[in-house]
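> Model the following, please.
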Amino acid sequence: MADPVKKEKPKKTFEKYKPVKACVKCGAGMGEHSNRFACGKCGYTEFKSQKKEAKKE
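Next up is the predicted model:
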């Protein structure tokens, strides 16, 4: 007889990565980058607004 297969617990490596917002096109979670939000499923990209204040003297 064959040995019983041991069930391994699933690894929690990606547990800390949670989607920040939902994609407008497909509804999947979008990943947050330094300057954009990107969907890994459909490729939709939404750029963050960059507000730079220029100090004039």
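> which residues in the chain form strands?
Taking DSSP state E, the strands of the chain run over residues 21-22, 29-32, 36-39, 45-47.
> quick one: low-confidence parts of the chain?
Low-confidence segments of the chain (pLDDT under 70): 1-2, 14, 17, 50-57.
> same thing but at 80, please
For the chain, applying pLDDT under 80 flags the ranges 1-6, 9-20, 50-57.
> Spatially nearest residue to the residue positioned nearest the centre of it, not counting backbone neighbours?
The centre of the chain sits closest to residue 31, judged by Cα atoms, centre = their mean, with a distance of 2.5 Å. For residue 31, ignoring the flanking residues on the chain, the nearest one in space by Cβ to Cβ, 6 or more residues apart in numbering is residue 38 at 5.4 Å. All C-beta spots, glycine's among them, are computed from the backbone N, C-alpha and C.
> What separation do you get for that neighbour and residue 29?
According to Cβ to Cβ, to the nearest Å, residue 38 stands 11 Å off from residue 29.
> My guess is the residue nearest to the centre of the chain contacts residue 44. True?
No: using Cβ atoms under 8 Å, residue 31 makes no contact with residue 44, being 11.2 Å away.
> how about the residue nearest to residue 35 when sequence neighbours are not counted, what does it touch?
In this structure, residue 35 finds its nearest non-sequential neighbour in residue 48, 5.7 Å apart by Cβ to Cβ, 6+ apart. By Cβ atoms under 8 Å, 6 or more residues apart in numbering, residue 48 lies in contact with 35, 36, 37.
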